[in-house]
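next come a sequence and a model predicted from it.
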Amino acid sequence: MRKIAFSIAFAALATSALAQSAAEKTGVNSVMGVAPKTEDFLMLASGSDLFEIESSKLALQKGDDETKKFAQQIITDHEKTSSELKAMIASGKVKGSSATVLPDSFKEETDDLAKLDAAKFKEEYFGDQVDAHEDAVDLFKRYAEGGDNPDLKAWAGRTLPALEHHYKMAQDLEKN
């Protein structure tokens, strides 16, 4: 169910990015393993970064020590990737823009997390992180393998192992 919710969230993110292709909005590209257009990748990757950072800031407030440790790593790593992405755009190496505010669908998810007590928060937070990182791994892998901008393609490939590590960590912590 969470996978569907995050797929819908990613699709809703697309509504703020008018350039996003119908195939990416509907998930067809993901199912077929097709690389997203650069504009699609930029909006989805940056929107996901914003969600992971904002939800992890909540985890710093509501989580136990283990959750806080994970959340701090997520914040640090995703702030780094956000900065790198913005720098590539600013340098002109990549044409397009990134999300500058938390997309509505992710804002709703973050608002829902904020309302939960500590025990329920941990369960939902790690479930959300598993889903978000599963989607991010898929997105980055598809772009790294078939993206049309060589600099962004190389960056996606370099970033992918960290996302896979986050995904595995979130899965392990979700089980606890």
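Perfect, I can see it now.

which non-adjacent residue is nearest the spatially most central residue of the chain?
Nearest residue to the geometric centre of the chain (Cα atoms, centre = their mean): S48, 2.6 Å. Of all residues not flanking S48 in the chain, A136 sits nearest, at 5.2 Å (Cβ to Cβ, 6 or more residues apart in numbering). (C-beta placed from N, C-alpha, C; glycine too.)

returning to what we had before: list the helices and strands the helix or strand harbouring the residue nearest to the centre of the chain packs on?
Assigned by DSSP states H and E, S48 belongs to helix 38-62. Applying 3 or more Cβ pairs under 8 Å, 6 or more residues apart in numbering; DSSP states H and E, one finds that helix 38-62 contacts helix 2-15, helix 65-91, helix 104-114, helix 118-146, helix 150-175.

which of the ones you listed sits closest to S98?
Smallest distance to S98 across the helices and strands packed on helix 38-62 (Cβ to Cβ): 5.7 Å, for helix 65-91.

low-scoring stretches of this structure, by residue?
1-23, 25-26 (pLDDT under 70).

circling back: tell me which residues in the helix holding S48 are buried?
38-59, 62 (16 or more other Cβ atoms under 10 Å).

tell me which of the helices and strands packed on helix 38-62 approaches G33 most closely.
helix 118-146 (6.3 Å).

re earlier: how many neighbours does the residue nearest to S48 have?
Close neighbours of A136, defined as other Cβ atoms under 10 Å, add up to 27.

okay then, goodbye and thanks.
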